[in-house]
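Have a look at this prediction, sequence included:
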Amino acid sequence: MDTHGWPLFEIFIRAKSGLSHRHVGSLHAADSVMALDHARDLYTRRGEGVSIWAVESRSIHASDPAEHAQLFEPAEDKIYRHPTFYEVPEGVDNL
Amino acid sequence: MSLSRDPGGMRFAYLLQLGDNALILGQRLGEWVGHAPELEEELALANFALDYIGQARALFTLAAETEGRGRSEDDLAFLRDGMDYRNVLLVEQPNGNFADTLARQFLFESFYQIQLEALAESSDTQLAQLAQKVEKEIRYHLRHTAQWVVRLGDGTELSHQRMQHAIDGLWRFTGELFSANAVDHWAAESAVGPSPPSLQRPWDTLVDEVLEEATIARPESGWMASGGKDGRHSEHMGHLLADMQFLQRAYPGATW
């Protein structure tokens, strides 16, 4: 069977209700229905999840690693953007 | 009949029929490991194989307890002769090409699913509980295998031809699924399991629906092969058992 034409899918699994879907890997499938089946067999056989998302890899837009400096480095010295910069008022337990 | 006065013997025989279907089909699916057309599909088939081996283990454990002669699930799986296996002929048929395997899988699981739904209501509570659990596994298998029948049947000219050929070739083994032997009669009379002929109509509906979507012509139901449930197997069974039993025959009692 010639499967070289099968597109690549990125697979996201929700471990349990309330958590967000996390990227777990990728696989080949003829279409989205088969992608979900394959994801079920590849990534949930040890009870890892309660929900699967499959997204065609070509639908994902990625940032350019060559632009790392301009995109991410300016954030490195702006420590005041972290919530830890502020003092937690007394009596607040769960912030 | 003498056996009907021996419900333990009948229960044992009935559990073997069910367990042997699972064991032999699991063994067949396992033969795909290392040979499937696509890595992802290989895992799917291996998963199915493991599901079946798990079902066989559970059924053989019940059977061994029922028999009460100290045989273990492994003894039942590996140390019987060909004529003592009670699986239907369909599940022992060779893998052939990918379409042959998926056609065999579809024709069997469409039956097995309906059988399990009935077994989930069994008067035998242990069997009913097991069937409820297994039915979920098979419902997923059937979804996957039916999809493949449609993909190949309604795919390219070559894939259509292969799926049609596979369904045509295996059709003569479907009659046995709905024929009742003495053990099936006992099961039906004691509400342990469904009467096989009663499963034919729902199976027809399910199979016709998928075949139509797959643009596969339903073969004429002519002569049907049977005998597997009574220990009369096709020539393929010996080769399958030689492979499956080799280790326990060559190194009795080997464990690891």
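Happy to help now that I have it.

what residues are up against the one residue sitting closest to the centre of chain A?
Nearest to the mean C-alpha position of chain A, by C-alpha atoms, centre = their mean, lies A:His23 at 3.5 Å. Going by C-beta atoms under 8 Å, 6 or more residues apart in numbering or on different chains, A:His23 touches A:Glu10, A:Ile11, A:Phe12. Where you see a C-beta, it was placed from the backbone N, CA and C, and this is true even at glycine.

what do you get for B:Tyr112?
Counting by C-beta under 8 Å, 6+ apart, B:Tyr112 makes contact with B:Asn21, B:Ile138.

and chain A, which residues reach chain B?
By the rule C-beta under 8 Å from any C-beta of the partner chain, the part of chain A lying against chain B is A:1, A:3, A:6, A:27-30, A:33-34, A:37-38, A:40-42, A:45.

Just the buried ones among these, please.
Neighbour counting by 16 or more other C-beta atoms under 10 Å in any protein chain shown classes A:Trp6, A:Leu27, A:His28, A:Ala29, A:Ala30, A:Met34, A:Asp37, A:His38, A:Arg40, A:Asp41, A:Leu42 among these as buried.

Mind putting the residues you listed into a markdown table with distance to A:Ser63?
Below are these laid out as a markdown table (distance: C-beta to C-beta, whole Å):
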| residue | distance to A:Ser63 |
| --- | --- |
| A:Trp6 | 27 |
| A:Leu27 | 23 |
| A:His28 | 25 |
| A:Ala29 | 26 |
| A:Ala30 | 30 |
| A:Met34 | 30 |
| A:Asp37 | 31 |
| A:His38 | 28 |
| A:Arg40 | 30 |
| A:Asp41 | 32 |
| A:Leu42 | 27 |
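
farthest-separated two in these?
A:Trp6 and A:Arg40 (17.0 Å; C-beta to C-beta).

Spell out which parts of the stretch 101-250 of chain B neighbour chain A.
Contacts of the stretch 101-250 of chain B with chain A, taken as C-beta under 8 Å from any C-beta, map to B:Tyr140, B:Arg143, B:His144, B:Gln147, B:Arg151.

Looking at neighbours, which among these is most surrounded?
B:His144 (23 neighbours; other C-beta atoms under 10 Å in any protein chain shown).

in terms of contact, does that one touch B:Leu43 like I think?
No: the pair B:His144 and B:Leu43 does not pass the contact test of C-beta atoms under 8 Å, sitting 11.7 Å apart.

If you count contacts, what does the one helix or strand B:Ala58 maps to end up packed against?
Using DSSP states H and E, B:Ala58 maps to helix B:39-67. Secondary-structure packing of helix B:39-67 (3 or more C-beta pairs under 8 Å, 6 or more residues apart in numbering or on different chains; DSSP states H and E): strand A:22-28, helix A:32-43, helix B:7-30, helix B:73-78, helix B:125-153.

Would you mark the buried spots in the fourth one?
Within helix B:73-78, the residues that qualify as buried are B:Glu73, B:Leu76, B:Ala77, B:Phe78, counting by 16+ other C-beta under 10 Å.

try stretch A:13-31
By 16+ other C-beta under 10 Å, the buried positions in stretch A:13-31 come out as A:Ile13, A:Arg14, A:Ala15, A:Val24, A:Leu27, A:His28, A:Ala29, A:Ala30.

Measure how far it is from the centre of its chain, please.
Distance of stretch A:13-31 from the chain centroid (C-alpha atoms, centre = their mean, to the nearest Å) equals 8 Å.

That stretch: end-to-end distance?
Chord length of stretch A:13-31, first to last residue, is 18 Å (C-alpha to C-alpha, to the nearest Å).

same thing with stretch B:169-184?
First-to-last residue span, stretch B:169-184, C-alpha to C-alpha: 26 Å.

From the rest of the structure, what touches that stretch?
Stretch B:169-184 is touched from outside by B:1, B:3-4, B:10, B:13-14, B:17, B:86, B:88-90, B:93, B:96, B:100, B:103-104, B:107-108, B:111, B:188, B:193, B:195-197, B:199-200, B:203, B:219, B:221-230, with contacts defined as C-beta under 8 Å, 6+ apart.

Please indicate which of those are buried?
By the neighbour-count criterion of 16+ other C-beta under 10 Å, those include these buried positions: B:10, B:13-14, B:17, B:86, B:88-90, B:93, B:96, B:100, B:103-104, B:107-108, B:111, B:188, B:193, B:196, B:199-200, B:203, B:225-226, B:228-229.

if we can go back for a sec, for the buried residues of stretch A:13-31, work out which two are farthest apart.
Comparing every pair within the buried residues of stretch A:13-31 by C-beta to C-beta identifies A:Ala15 and A:Ala30 as the most remote, at 27.3 Å.

Could you tell me how far the residue in chain B sticking out farthest from the centre is located from B:Gln164?
Relative to the C-alpha centroid of chain B, counting by C-alpha atoms, centre = their mean, B:Glu157 is the outermost residue, at 29.6 Å. Distance of B:Glu157 to B:Gln164, computed by C-beta to C-beta, to the nearest Å: 11 Å.
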